[in-house]
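In: I need the structure of the sequence given here:
(chains A and B)
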Amino acid sequence: MSSQLDIKAYLDADEQKDLLRLLTAGSVDDGKSTLIGRLLFDSKKLYDDQLTALERDSKRVGNAGDSIDYALLLDGLKAEREEGITIDVAYRYFSTNKRKFIIADTPGHEQYTRNMITGGSTANLAIILIDARKGVITQTRRHTFLVSLLGIKHIVLAVNKMDLVNFDKKVFDAIVNDYLMLTDHLGIEDVTCFPLSARDGDNVVEKSERTPWYNGPALLDFLETVPIHADRNYKDFRYPVQYVLRPDLNFRGFCGKVASGIVKVGDEVMALPSMKKSKVKSIVTYEGELKEAFPPQSVTITLEDEIDISRGEMIVHPDNLPHIGRHFTTMLVWMDEEPMDTSKQFFLKHNTNTTRATIAAIRHRIDVNTLARKEGEAFQLNEIGQVDILTAKTLFFDAYTENRQTGAFILIDPITNNTSAVGMILKPLDESALENDLVPVLDLNKLGIAKEHHEAIETAVKELARQGLEIKIIK
Amino acid sequence: MNNYHLSHLQELEAESIHIIREVAAEFENPVMLYSIGKDSSVMVRLAEKAFAPGKVPFPLMHIDSKWKFKEMIQFRDEYAKKYGWNLIVESNMEAFNAGVGPFTHGSKVHTDLMKTKALLDALNKHKFDAAFGGARRDEEKSRAKERIFSFRDQFQQWDPKNQRPELWDIYNARIHKGESIRVFPLSNWTELDIWQYIRLEKIPIVPLYYAKERPCVEIDGNLIMADDDRLPEKYRPLIKPRMVRFRTLGCWPLTGAVESNATTIEEIVEEMMTTTKSERTTRVIDFDQEASMEQKKREGYF
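Out: Now for the predicted structure:
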C-alpha cells in the first residue's frame, strides 16, 4: 500500500517535469557516444537486457577493450556498426527526478554537417565535445559555428579525456580560453565549461575528486537546472493557420500551433495577407476553451467575424506585424547530394505555407572550418552561405535570430522532392527593383472572360496558391 | 519568468497534434494504422483532440493477422463504434486460407505474410499516400534514427541511409504518385510518457495490459496464453492458470506474458520501473535474426 502511494507521488511529480532537447557534437573519437551512454547508464535508464546485448556486442566489435563500450548503445543501424561511426541522427531519451531529456546524437564528420543541422534545429542546448589532448580543433570551430547558426542558446563545452592529461587545470583553462575567444567572435553568450572523463565518469553525474580545482557543478546537475523557459519568444504573436475546421455551419475554427507570442480571448487580431481585422472569439481545445494560448500550444481559434482564412495564412496582432514580402536574404545550408542549380524553381515551405521560390543571388559561401567568406558559387552538399531568395507567394516572416519559428524554411527539389536546403532568414530585401517577377498574371478582361466567371476563377486560383502556385488576377 | 509553461507531456501532446494536422492538410488520402495497443490508443486520442470539436478526417485501419487476442478485436470494435471512427480491417486472406500461422510456419514467415504483406497490400489497395504509425524512437535502436515523416518508395521500402533532412517543425510532405510517407506522431514519447498520459487522460486500453489469471503455457521460454483452440495439441496438457499481464500486444502465439499482480496503471508503472527487462523482450519477432527490426523496417514493416 505504501508503495502505491509512492508511485502515485512519483507520477504526480513526473507529470510536472519539463523537457530539455539537447544536441551533442564531437568527432568519432572524442568519446561523445561514451558520454551519452554514461548519462543514460548512470541515470539508471538502461534496462538489463539492453545491457546483456551490449556486453555481447562489446566483445565482438567493441573498441573499449574489456570494459563496456557505451558507444554501441547508440549506433543503431547495422551498416554503421561495422563502420564504427554513427552516420545519422539518433535520438535518445532519459529522465531524472528533475527533468526529461531528448538527446539528438549527431556525427562529427564534415560530410555529415547535414545531420548535425537536422539534429540541432529543435535543441535548447548543445554539448560540444573536445578531446583534452587536442584542444580546440577545426571540427570544434565547425560545430560551434553550426550551433550558433541554428540559434541554440546554451552551449556546454565538455572537455573530455581529462584523465589522459592527469586532470591538469592548466590544460583545461587553456582550452576554455581558446574556446571563449571563438564563442565571443560568434556572439554566443551562454557557454559553460566542464572538465570530464566520460569513460571513468568524472564530473558527469557526480563531482569528481580528481578535479579539486573545479568549482562548478557536475554536468548532469547543470543539465537538470539550466533555465530554458525564457528562451521562447513570448512577445510577437504569430499564428500560422494550419487547418480550417468546419464541422458544421456554425463553427469555423482555425487550427494551428502558436509559433510565438501570446493570444487572449477578446484580442484584436489581423489576418495576413488580407489585413482584415477581427477579435478572438474563443480558443478551443478538446478539453474545453482556454482564456489564452502561448507557444508551443496546438489550439483552434475562432473569430467574431466571418473572415476567409486558409492554410498558410497567418493571424497576428495588428500592432505587431511580421515582415511581409517575397524577397529576403538568408543563411542557407545545402543538404542535397545534387548541387545547387540556380535556374531551378524550388518549393519553399515556411511554417504551413508552401510556395514556388528561386535563388535570386548567391552572396558568399562560408568556409565552415576557418569561418572565412568564399566566393559565391553554386553550393555543394554541406556548404553554407548567404543567399537571397525570391518567392512566388507573399510570406509572413521574422529574422531567425528574433524568431526561430517564423524565420526558418526548407527548399524542396521539384523533381526529386528531396529537402535540398534549409534556410534561416536574416532580413527582408527591397522588392521595388525586382525584375525577375515569378508571378504569372491573368488579366481577365484582356482575356475576354465575363464577370460572372470571375468568382469561379478566383476560387481556382486560390486553390492553386494553396498548392504553391501563385497567380495574380487583374480584373 | 512567466507562467506560460508546458510540462513535457503537454509539449509532446502539442507536437503530436501539430504533426497529425499537418498530415491531414498536406495529403490526399491519409490513414491511421491502429494496432489496438497502448501506443495506438494514445495516438488515436491525439487525433480526436487534433480535430475537436470536428470529426477526424481520415479512417483508422487495423491489419488483422487473424492471430490477435480475442479481447483485442472486441476492444477495437467497441472503441471505433463508441468514438465514431471509420474503421477499416484488412487481412491477407490468401495466406490465411492456405493455413499460414506461427505454429506451422514459424514467426518469420507468419510475420512476413500476415503482417508485412497484409499491410503493404492494404496500403496499395486503398491508395493511401500517408500512414500514421504509433512507433516510438525509444522502443528500439533502428527506430531511434527514423524521421517523423519517413519516406517510403513505391515498394514501401525504407532506406535508412537516404532519409530526408527534417528540421524544426517543417515537414516535407511532397511525394510522387505511388510513393508514400509513414508518419510517427509519437516519435518523441517514451514508454513512461505513454502510461502517464493514459493515466492522466483516462484513455481506455485493452484489459490484457492488466494482470489477471489466464491460461498459459511455456513455449521456448515465453509464457504464451492459450487464447483459442489453435494451440497445438502437444502444449495443451501443459496449460496452467497463471497471474499474468502483457507489456505489448500482438499475435497471441508470439507475445509473451509476464507474471504480474499489477491491476492498476500505477502498479504497471511501478512494475515497469523496477523491472529489468525492456518492453520489446516479450516480442518473439525481434530476436529471430540479428538487427531484425531494421531488416523488417526496410521491407516495409513498421
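In: got the residues of the stretch 51-200 of chain B near chain A?
Out: Proximity of the stretch 51-200 of chain B to chain A, by Cβ under 8 Å from any Cβ of the partner chain, involves residues B:51-55, B:137-138, B:141-142, B:144-145, B:160-161, B:163-170, B:172, B:174-176, B:187-188, B:190, B:192-193, B:196, B:199-200. (Glycine included, C-beta is placed from N, CA and C.)
In: Just these: which are in strands?
Out: Using DSSP state E, no member of those falls within strands.
In: and chain B, what are its domains?
Out: Domain assignment for chain B by automatic domain parsing gives B:8-193, B:206-287.
In: Spell out the secondary structure type for the nearest residue to B:Trp195 once chain neighbours are set aside.
Out: Leaving aside its chain neighbours, B:Trp195 sits nearest to B:Val269 (5.2 Å; criterion: Cβ to Cβ, 6 or more residues apart in numbering or on different chains). Using DSSP: H, G, I helix; E, B strand; the rest coil, the structure places B:Val269 in helix.
In: Just give me the neighbour total for B:Val269.
Out: Look at B:Val269: counted by other Cβ atoms under 10 Å in any protein chain shown, it has 22 neighbours.
In: residue ranges with poor pLDDT in chain B?
Out: B:1-2, B:274-302 (pLDDT under 70).
In: before we move on, the earlier item: any of the residues of the stretch 51-200 of chain B next to chain A buried? List them.
Out: Taking 16 or more other Cβ atoms under 10 Å in any protein chain shown as the criterion, what is buried in those is B:51-52, B:54, B:137-138, B:141-142, B:144-145, B:160, B:163-170, B:172, B:174-175, B:187-188, B:190, B:192-193, B:196, B:199.
In: can you tell me which of the residues you listed are in helices?
Out: Applying DSSP state H to these, the entries found in helices are B:Leu192, B:Asp193, B:Gln196, B:Arg199.
In: gap between the second one and B:Phe69?
Out: Distance check for B:Asp193 against B:Phe69: by Cβ to Cβ, to the nearest Å, it reads 25 Å.
In: Could you list the buried residues of the lengthiest strand in chain B?
Out: Using DSSP E, we find that the single longest strand of chain B is strand B:212-219. Using 16+ other Cβ under 10 Å as the test for burial, strand B:212-219 gives B:Arg214, B:Cys216, B:Val217, B:Ile219.
In: need the contact list for A:Ile412.
Out: Contacts for A:Ile412 were tallied using Cβ atoms under 8 Å, 6 or more residues apart in numbering or on different chains; they are A:Phe346, A:Phe347, A:Leu348, A:Lys349, A:Asn418, A:Thr419, A:Ser420, B:Asn172, B:Arg174.
In: Identify the residues contacting the last one.
Out: Put plainly, it is B:Arg174. B:Arg174 makes contact with A:Phe347, A:Ile412, A:Asn417 under the criterion Cβ under 8 Å, 6+ apart.
In: Could you export those as TSV, including secondary structure and pLDDT?
Out: Listed next are the contacts of B:Arg174 as TSV, based on DSSP: H, G, I helix; E, B strand; the rest coil; pLDDT from 0 to 100:
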residue	secondary structure	pLDDT
A:Phe347	strand	97
A:Ile412	strand	97
A:Asn417	coil	95
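In: residues near B:Gly134, how many?
Out: Using other Cβ under 10 Å, B:Gly134 is surrounded by 25 other residues.
In: I'd guessed it sits against B:Ser35; true?
Out: Yes: judged on Cβ atoms under 8 Å, B:Gly134 makes contact with B:Ser35 at a distance of 6.4 Å.
In: if you skip the residues just before and after it, what's nearest to the residue most central in space within chain A?
Out: The centroid of chain A falls nearest to A:Ser121 when counting by Cα atoms, centre = their mean (1.9 Å). Distances taken as Cβ to Cβ, 6+ apart place B:Leu167 nearest to A:Ser121, at 3.9 Å, with adjacent residues excluded.
In: quick one: what helix or strand has A:Leu348 in it?
Out: Using DSSP states H and E, A:Leu348 sits in strand A:346-350.
In: packing partners for that strand?
Out: strand A:353-366, strand A:384-397, strand A:408-412 (3 or more Cβ pairs under 8 Å, 6 or more residues apart in numbering or on different chains; DSSP states H and E).
In: now the second one against strand A:353-366, angle please.
Out: It stands for strand A:384-397. Calculated by axes from the mean of the first three to the mean of the last three Cα atoms, to 10 degrees, strand A:384-397 forms an angle of 150 degrees with strand A:353-366.
In: Could you list every helix and strand in contact with strand A:384-397?
Out: By 3+ Cβ pairs under 8 Å, 6+ apart, strand A:384-397 packs against strand A:323-334, strand A:346-350, strand A:353-366, strand A:419-428.
In: Quick one: closest of these to A:Ile175.
Out: Closest to A:Ile175 of these, according to Cβ to Cβ: strand A:353-366, at 24.2 Å.
In: next SSE after that closest one?
Out: strand A:373-374.
In: ok, and what's touching that next one?
Out: Contacts of strand A:373-374 (Cβ under 8 Å, 6+ apart): A:His364, A:Arg365, A:Ile366, A:Asp367, A:Gly385.
In: Which of the residues you listed scores worst on pLDDT?
Out: For the contacts of strand A:373-374, the weakest pLDDT value sits at A:Asp367, with 90.
In: now the strands for the stretch 201-350 of chain A?
Out: A:238-248, A:251-257, A:263-264, A:268-272, A:277-285, A:288-290, A:292-293, A:298-303, A:314-316, A:323-334, A:346-350 (DSSP state E, counting those that start in this stretch).
In: who touches the fifth one?
Out: When contacts are defined by Cβ under 8 Å, 6+ apart, strand A:277-285 is touched by residues A:253, A:263-271, A:289-293, A:299-305, A:307, A:318, B:49, B:52-53.
In: What subset of those is buried?
Out: Buried, going by 16+ other Cβ under 10 Å: A:253, A:263, A:265, A:267, A:269-271, A:290, A:292-293, A:299-303, A:307, B:49, B:52, out of these.
In: any low-confidence regions in the stretch 1-150 of chain A?
Out: Applying pLDDT under 70 to the stretch 1-150 of chain A picks out residues A:1-5, A:28, A:42-87, A:107-112.
In: Could you export the strand holding A:Leu348 as PDB, CA atoms only?
Out: Extracted in PDB, the C-alpha atoms of strand A:346-350 (Å, rounded to 0.1, in the frame of the first residue of the first chain):
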ATOM      1  CA  PHE A 346      12.100  25.100 -55.800                       C
ATOM      2  CA  PHE A 347       9.200  24.600 -53.500                       C
ATOM      3  CA  LEU A 348       9.700  26.600 -50.300                       C
ATOM      4  CA  LYS A 349       8.000  25.600 -47.200                       C
ATOM      5  CA  HIS A 350       7.800  28.200 -44.400                       C
END
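In: got CSV for the strands of the stretch 201-350 of chain A, with distance to A:Phe145 too?
Out: Output for the strands of the stretch 201-350 of chain A, formatted as CSV (distance: least, Cβ to Cβ, whole Å):
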stretch, distance to A:Phe145
strand A:238-248, 27
strand A:251-257, 29
strand A:263-264, 35
strand A:268-272, 34
strand A:277-285, 40
strand A:288-290, 40
strand A:292-293, 35
strand A:298-303, 33
strand A:314-316, 31
strand A:323-334, 11
strand A:346-350, 24
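In: out of those strands, nearest to A:Leu186?
Out: strand A:323-334 (12.7 Å).
In: can that closest one be found next to chain B?
Out: No: for strand A:323-334, no contact with chain B is found by Cβ under 8 Å from any Cβ; the gap never falls below 8.8 Å.
In: Let me have the helices and strands packed on strand A:346-350 in a markdown table, adding distance to A:Val171 as columns.
Out: Putting the helices and strands packed on strand A:346-350 into a markdown table (distance: least, Cβ to Cβ, whole Å) gives the following:
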| stretch | distance to A:Val171 |
| --- | --- |
| strand A:353-366 | 30 |
| strand A:384-397 | 31 |
| strand A:408-412 | 38 |
